[in-house]
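Colleague: Next input, structure requested:
(chains A and B)
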Amino acid sequence: MIEIRQLRKVYPARGGGREVVAVDGVDLDVGAGEIYGVLGRSGAGKSTLIRCVNLLERPTSGSVVVDGQNMTALNARQLRAARRRIGMVFQHFNLLSSRTVAGNVALPLEIAGVPRRERIRRVGELLELVGLSEKGRAYPAQLSGGQRQRVAIARALAGRPRVLLSDEATSALDSQTTAEILDLLRDLSRQLGLTILLITHELEVVKRICDSAAVMAAGKILESGRVADLLARPDSALARAAFPLDGTGREGSHVVDVVVRGAQADQPLVATLARRFDLDVNILSASVRTIGGQTVGRLRLELPGRGTANTTAALAYLAENGLIVGDGPTTDVSQVLADDQPVPEEAGRVESRVAPTGPEVDG
Amino acid sequence: MNDLIQNGTLWEATQETLYMVGLSTLFTVLGGIPLGVVLALSDRGGFATRLLGRLLGTIVNIGRSLPFIILMIAIIPFTRAVVGTSIGPEAAVVPLAVGAIPFFARLVEAAVRGVDPGLVEAATAMGARTHHVVLKVLLPEALPGLIRGLTVTVVALVGYSAMAGVIGGGGLGDLAVRYGYQRFETDVMIVTVVLLIILVHLIQMLGDATAKRLDRR
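Modeller: Predicted coordinates for the structure are as follows:
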């Protein structure tokens, strides 16, 4: 549904500064009906990336194809028509304070030239869809943050788009409200066959609703794929962030990270290693979560005696049984992921290239 | 003083002031809003739009740097061409509007620039054209600010209209000069000043109340 190829966005140098490469050669494929999350810290370039999809930002080079249409090749009139088929929601909701809830939802319909009678009918439908039928006459200032985002979602869906872009839609909301909005987005995606591309700095968003995800830093995609697959990869930054593992083990021991999925999670793994290979296996840390209906766990195990026959045999056993094995403590890639700082509004627009440093994500 | 009240001169002068201020306000709104919007939007457009913005900005600055009394006299030929005369309240409306349009346009520009750019972005993402953005987003969102700017402008017009009296515009200012100043009738001077104070107060109160009622933020 969305195909992004070799996308680059360079902001020219301004006021004595250097030029800024906000998006640096990104490829991204979002399938129809999929919820795709781009995760990264503020300044990673994700805000620019999502704005390149509906050409709020014109890419410096590369192509963006949405629903078979090459966005960069459209003329002004075609672009406006294409934008009407792409909904967008924002971190700060961007509702008109001068209009009621119903008036805000009607705005895209007015712009599209929908007749008044049809507009009123459609606004009623949309407000019902997001559970705000009673609030049509209220003004945005009278609503809570979660309600405002619902209004913004209803507005974004007014033109029956096949694609919804979500720019940090839950970042200004508390965790309870975030969960409600995410569930609404997931339900709408299922119900309407809507494809959603969202950007976020919150790991929770990806874990809760995304089918696929990409991790972005310094304008580049570090890894991408289905969330379940990424989590099973020992070298995945997403997995490391989702399942934070500590512990470095003692000198001379062999430390491995093990991933268990689905039925494997029910096997007595540590006991098996101890019995079959006569090893005093030590669990340094472990983390088990259910994501996308699948139980996934990561364990960091310490096997005594690096390079001994028993340890080598145990590692071979783990590898054979599809318990994917990675080496233990390495550089912590999860630093490329989000911290819980809200994204400053302006920082989202002009992204910097500074390599991110910051606290590790708490899964 | 009592004569002036009884023979209706005072009332007539008040009506003339209201007429001058009212009509020039109308033209100021009609001219100032489009001008202000163009000034606010011009730096987002292409080369031609930006050039137009620069040009209009320069004209506005020239208009605003002329003291009103000079402007009024300088455009007498223009006034005569438009109204057919340069004397009386009708004629005074022309310099009043010409003087107030650039003033109000800058206030409109500030109010429009104060609208959250996120709203423009949202409208653009909906496939809005420029006129949609202006008419459905920028002006309605800027409305409380526009009303406050207009209040300031109308109050300034009351002051200008008193000055217009000097070159035969009529109104309260004219009365104050002819009776209060030239005939040393201090009580006339005081009454006209009190009337002007009341007028300005009423305008300010009306403006504040309207802006407050329209502000849904």
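
Colleague: Contacts only, for residue 61.
Modeller: As the question left the chain open, I've gone with chain A. Residues near residue A:61 by Cβ atoms under 8 Å, 6 or more residues apart in numbering or on different chains: A:6-8. (C-beta placed from N, C-alpha, C; glycine too.)

Colleague: wait, chain B
Modeller: Applying Cβ under 8 Å, 6+ apart to residue B:61 gives the contacts residue B:102.

Colleague: With residue B:115 instead?
Modeller: B:137-138, B:141-142 are the contacts of residue B:115 under Cβ under 8 Å, 6+ apart.

Colleague: closest to chain A among these?
Modeller: Of all the contacts of residue B:115, chain A sits closest to residue B:141, with 5.3 Å by Cβ to the nearest Cβ.

Colleague: okay, the contacts of residue B:115 in a markdown table with neighbour count and secondary structure next?
Modeller: Below are the contacts of residue B:115 laid out as a markdown table (neighbours: other Cβ atoms under 10 Å in any protein chain shown; DSSP: H, G, I helix; E, B strand; the rest coil):
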| residue | neighbour count | secondary structure |
| --- | --- | --- |
| B:137 | 25 | helix |
| B:138 | 23 | helix |
| B:141 | 23 | helix |
| B:142 | 25 | helix |
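
Colleague: and chain A, which of the residues you listed contact it?
Modeller: Contacts with chain A are made by B:137, B:141 out of those, judged by Cβ under 8 Å from any Cβ of the partner chain.

Colleague: Tell me which of the contacts of residue A:61 fall in strands.
Modeller: Those of the contacts of residue A:61 mapping onto strands are A:6-8, per DSSP state E.

Colleague: Enumerate the residues of chain A near chain B.
Modeller: A:54, A:56, A:79-84, A:86, A:88, A:90, A:92, A:94, A:96-99, A:107-108, A:110-112, A:139-141, A:159, A:165, A:345.

Colleague: and those, which are buried?
Modeller: Buried residues within the residues of chain A next to chain B, counting neighbours by 16 or more other Cβ atoms under 10 Å in any protein chain shown: A:54, A:56, A:79-80, A:82-84, A:86, A:88, A:90, A:92, A:94, A:96-99, A:107-108, A:110-112, A:139-140, A:159, A:165, A:345.

Colleague: Where does the prediction get shaky in the chain?
Modeller: Unless you meant another one, I'm taking chain A. For chain A, the stretches with pLDDT under 70 are A:234, A:265, A:291-293, A:322, A:324-363.

Colleague: that's the wrong chain, I wanted chain B
Modeller: Along chain B, the parts satisfying pLDDT under 70 run over B:1-2.

Colleague: at 90 what do you get?
Modeller: B:1-14, B:42-51, B:53, B:63-69, B:71-73, B:83-91, B:159, B:161-193, B:215-217 (pLDDT under 90).

Colleague: other SSEs contacting the longest helix anywhere in it?
Modeller: Across chain B, the longest stretch assigned as helix under DSSP state H is helix B:9-41. Packing partners of helix B:9-41 (3 or more Cβ pairs under 8 Å, 6 or more residues apart in numbering or on different chains; DSSP states H and E): helix B:2-6, helix B:47-65, helix B:89-113, helix B:139-164, helix B:171-175, helix B:186-214.

Colleague: what's the closest non-adjacent residue to residue A:35?
Modeller: In space, and not counting its chain neighbours, residue A:35 is closest to residue A:196: 4.6 Å by Cβ to Cβ, 6 or more residues apart in numbering or on different chains.

Colleague: Spell out which residues of chain B are next to chain A.
Modeller: Within chain B, the positions near chain A by Cβ under 8 Å from any Cβ are B:116, B:118-119, B:121-129, B:132, B:136-137, B:140-141, B:143, B:214, B:216-217.

Colleague: which of those residues count as buried?
Modeller: Neighbour counting over the residues of chain B next to chain A (16+ other Cβ under 10 Å) leaves B:116, B:118-119, B:121-128, B:132, B:136-137, B:140-141, B:143, B:216 as the buried ones.

Colleague: Identify those among those that sit within helices.
Modeller: Within these, residues falling in helices by DSSP H are B:118-119, B:121-125, B:132, B:140-141, B:143.

Colleague: Could you check how many residues crowd around the closest residue to residue A:23 other than its chain neighbours?
Modeller: Nearest non-adjacent residue to residue A:23, counting by Cβ to Cβ, 6+ apart: residue A:9, 4.2 Å away. Counted with other Cβ atoms under 10 Å in any protein chain shown, the neighbours of residue A:9 add up to 23.

Colleague: ok, residue A:9 - contacts?
Modeller: For residue A:9, the contact set (Cβ under 8 Å, 6+ apart) comprises A:21-23, A:45, A:48-49, A:52, A:57, A:59-60.

Colleague: Over to residue A:282?
Modeller: By Cβ under 8 Å, 6+ apart, the contact set of residue A:282 is A:249, A:253, A:301-302, A:304.

Colleague: Identify the farthest-apart pair in these.
Modeller: Farthest-apart pair in the contacts of residue A:282 is A:301 and A:304; separation 10.6 Å (Cβ to Cβ).

Colleague: Mind checking which of these two has more residues around it?
Modeller: residue A:301 (26 against 16).

Colleague: from what I can see that one touches residue A:274, true?
Modeller: No: the criterion here is Cβ atoms under 8 Å, and residue A:301 misses it with residue A:274 at 10.7 Å.

Colleague: Common neighbours of the two, please.
Modeller: Shared contacts of residue A:301 and residue A:274 (Cβ under 8 Å, 6+ apart): residue A:281.

Colleague: now the helices for the stretch 51-200 of chain A?
Modeller: Taking DSSP state H, counting those that start in this stretch as the criterion, the stretch 51-200 of chain A carries its helices at A:76-84, A:101-111, A:116-129, A:145-156, A:175-192.

Colleague: Apologies, that question was intended for the stretch 251-363 of chain A.
Modeller: Using DSSP H, counting those that start in this stretch, the helices of the stretch 251-363 of chain A run over A:269-277, A:309-320, A:345-349.

Colleague: Could you dump those helices into JSON lines and include distance to residue A:226?
Modeller: Converted to JSON lines, those look like this (distance: least, Cβ to Cβ, whole Å):
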{"stretch": "helix A:269-277", "distance to residue A:226": "24"}
{"stretch": "helix A:309-320", "distance to residue A:226": "22"}
{"stretch": "helix A:345-349", "distance to residue A:226": "27"}
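
Colleague: among those, which is nearest residue B:35?
Modeller: Closest to residue B:35 of the helices of the stretch 251-363 of chain A is helix A:345-349 (Cβ to Cβ; 28.9 Å).

Colleague: tally of neighbours for residue B:211?
Modeller: 18.

Colleague: Pull the contacting residues for residue A:269.
Modeller: A:258, A:260, A:299, A:323.

Colleague: mind redoing it with 6 Å?
Modeller: By Cβ atoms under 6 Å, 6 or more residues apart in numbering or on different chains, residue A:269 lies in contact with nothing.

Colleague: any idea how far it lies from residue A:299?
Modeller: Plainly put, residue A:269 is 8 Å away from residue A:299 if you go by Cβ to Cβ, to the nearest Å.

Colleague: Same question for residue A:148.
Modeller: Residue A:148 is 42 Å from residue A:299, by Cβ to Cβ.

Colleague: ok, now residue B:149?
Modeller: Applying Cβ to Cβ, the value for residue B:149 to residue A:299 is 66 Å.

Colleague: Tell me which of those two has more neighbours.
Modeller: residue B:149 (25 against 21).

Colleague: circling back: based on its surroundings, how many neighbours for the residue nearest to residue A:35?
Modeller: By the criterion of other Cβ under 10 Å, residue A:196 has 25 neighbours.

Colleague: and it, what does it touch?
Modeller: Contacts of residue A:196 by Cβ under 6 Å, 6+ apart are A:35, A:164, A:189.
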